[in-house]
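Asker: the sequence isn't on hand, but the structure is:
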């Protein structure tokens, strides 16, 4: 499993984010599966999900925001989300967060970071499932330990990546194996 | 919508898909829906969210459930 991340030095436009996502996908596919960038051809399934033409064994997921782009490539269902840490949105909190999560957010030394840890984890999970926002997000509950390890009772594996200034990346894979440790690739924007 | 997307008013129509056309994220969409719920007193069920593709879909839903 490979996670490729690029942090933008300034807010990226929609087209810049798309261009970066394509480039990062090529890097991830070559690194994880040896697919040459020239052979990367993406098609869409009947439900609109992108997949690599002729390679049903390859799964990938893309996330972008003006601050960063992240691409996860794996041999199993995978979901990734990236968000810039900013003031937390009370409407999102009320709609999508469990009471225990809200308590942890408010008690944290950096409540906005804590908030976006939970949000990105939730989003990564529903992206891996393929259900998107139709999944009741409040029921997808997390806690994050003092050393940054996500904890949940979900049948999935999770990783938080917080080494990029001001952004949080969350990765989810649905076949939980103890040995999984994503290969993290940091590329320049 | 213009609080969420830096676009001219003319770019916002009933046919606008906020994720595709305004480059908003799932997070923005949850904020918009949560805000509408709070300010208009409606409740948007999760199972219905996937059907709210355009702003017209959202408008129709709010009017039907207000």
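Answerer: Structure's in. What do you need? From a predicted model like this one, the values you see are computed outputs, not experimental measurements.
Asker: from now on I want contacts and neighbour counts done on CA atoms only, so please keep to that.
Answerer: Fine.
Asker: farthest residue from the center of chain A?
Answerer: Distance to the chain centre peaks in chain A at residue A:38, reaching 25.3 Å (criterion: Cα atoms, centre = their mean).
Asker: need the pLDDT of that one.
Answerer: pLDDT for residue A:38: 82.
Asker: and what of residue A:187?
Answerer: Reported pLDDT for residue A:187: 93.
Asker: circling back to that earlier point, where's the residue farthest from the centre of chain A relative to residue B:24, distance?
Answerer: Distance from residue A:38 to residue B:24, counting by Cα to Cα, to the nearest Å: 30 Å.
Asker: ok now stretch A:1-8, how far from the chain's centre?
Answerer: With Cα atoms, centre = their mean, to the nearest Å as the basis, stretch A:1-8 stands 10 Å off its chain's centre.
Asker: what of stretch A:91-104?
Answerer: With Cα atoms, centre = their mean, you get 19 Å for stretch A:91-104.
Asker: now do the contacts for residue B:1.
Answerer: Contacts for residue B:1 (Cα atoms under 8 Å, 6 or more residues apart in numbering or on different chains) come out as residue B:12.
Asker: that one belongs to a strand, doesn't it?
Answerer: No: under DSSP: H, G, I helix; E, B strand; the rest coil, residue B:1 sits outside any strand and is assigned coil.
Asker: chain center to the strand or helix carrying residue B:61, what's the gap?
Answerer: Using DSSP states H and E, the element containing residue B:61 is helix B:55-65. Offset of helix B:55-65 from its chain centre (Cα atoms, centre = their mean): 9 Å.
Asker: list the buried ones in it?
Answerer: For helix B:55-65, the neighbour count (16 or more other Cα atoms under 10 Å in any protein chain shown) marks B:55, B:57, B:58, B:61, B:62 as buried.
Asker: export those to CSV and tack on distance to chain A and pLDDT?
Answerer: CSV is the format used below for these (distance: Cα to the nearest Cα, whole Å; pLDDT from 0 to 100):
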residue, distance to chain A, pLDDT
B:55, 16, 94
B:57, 15, 94
B:58, 14, 93
B:61, 15, 93
B:62, 16, 92
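Asker: for residue A:146, what is the enclosing helix or strand?
Answerer: Assessed by DSSP H and E, residue A:146 sits outside every helix and strand.
Asker: next one: residue A:27
Answerer: helix A:14-33.
Asker: give me the residue at the spatial middle of chain A.
Answerer: Central residue of chain A (Cα atoms, centre = their mean): residue A:80, 1.9 Å from the mean position.
Asker: what sits against that one?
Answerer: By Cα under 8 Å, 6+ apart, the residues touching residue A:80 are A:61-63, A:70-72, A:120, A:123-125, A:127-128, A:169-172.
Asker: double-check that it belongs to a helix.
Answerer: No: with three-state DSSP as the criterion, residue A:80 is located in strand rather than a helix.
Asker: just the pLDDT for it.
Answerer: 97.
Asker: and it, bridged to which residues?
Answerer: residue A:171 (DSSP bridges).
Asker: where are the low-confidence patches of chain A?
Answerer: A:176-179 (pLDDT under 70).
Asker: tell me which parts of it are close to chain B?
Answerer: Residues of chain A lying close to chain B (Cα under 8 Å from any Cα of the partner chain) are A:14, A:65, A:89, A:91, A:92, A:94, A:95, A:132, A:133, A:134, A:135, A:136.
Asker: write the ChimeraX selection for whichever of those residues are buried.
Answerer: In ChimeraX, the members of the residues of chain A next to chain B classed as buried (16+ other Cα under 10 Å) are selected with the following command:
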select /A:14,65,89,91,92,94,95,132,133,135,136
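Asker: could I get the residues of chain A next to chain B as TSV with distance to residue A:116 and secondary structure?
Answerer: Shown next, in TSV, are the residues of chain A next to chain B (distance: Cα to Cα, whole Å; DSSP: H, G, I helix; E, B strand; the rest coil):
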residue	distance to residue A:116	secondary structure
A:14	21	helix
A:65	13	strand
A:89	10	coil
A:91	14	helix
A:92	11	helix
A:94	14	helix
A:95	14	helix
A:132	17	helix
A:133	16	helix
A:134	20	helix
A:135	18	coil
A:136	17	coil
